[in-house]
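*Asks:* The following comprises the amino acid sequence and a computationally predicted model.
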Amino acid sequence: MAEAGLVAIGAGLALGLSAIAAGMAEQQIGAAAVGAMAEKSETFGRGLILTVIPETIVIFGFVMAFLIIGIAE
């Protein structure tokens, strides 16, 4: 039973830490994108794409959490 708890902690850490890292990255990118859009409105599309890119980090963390849970079964 202790193994199940450790697997759950590992999966939670994989997802949680990747989400925190993505949030920190989006904070910086979002601030820069809004500043660029305030000066030049044509940069909206580029700023939107750059803001979405860090979300792939969370997707990787989500996949890793499922892999960790799948290995334990």
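*Replies:* On my side now, so go ahead.
*Asks:* For residue 73, see how far away the residue nearest in space to the middle of the chain is.
*Replies:* The residue lying closest to the centre of the chain (C-alpha atoms, centre = their mean) is residue 58, at 2.9 Å. Separation of residue 58 from residue 73 (C-beta to C-beta, to the nearest Å) stands at 23 Å. All C-beta atoms are positioned from the backbone trio N, CA, C, and that covers glycine.
*Asks:* and if you look at residue 40?
*Replies:* Taking C-beta to C-beta as the measure, residue 40 and residue 73 are separated by 52 Å.
*Asks:* Looking at the two, which one has more neighbours?
*Replies:* residue 40 (11 against 6; other C-beta atoms under 10 Å).
*Asks:* Report pLDDT for the more buried one.
*Replies:* Listed pLDDT for residue 40 reads 91.
*Asks:* Which neighbouring elements make contact with the top helix by length along the chain?
*Replies:* For the chain, the helix with the greatest residue count under DSSP state H is helix 2-39. Contacts defined by 3 or more C-beta pairs under 8 Å, 6 or more residues apart in numbering; DSSP states H and E place helix 2-39 against helix 44-52, helix 55-72.
*Asks:* Now do it: distance to the chain's middle.
*Replies:* Relative to the chain's own centre, helix 2-39 is displaced by 4 Å; criterion: C-alpha atoms, centre = their mean, to the nearest Å.
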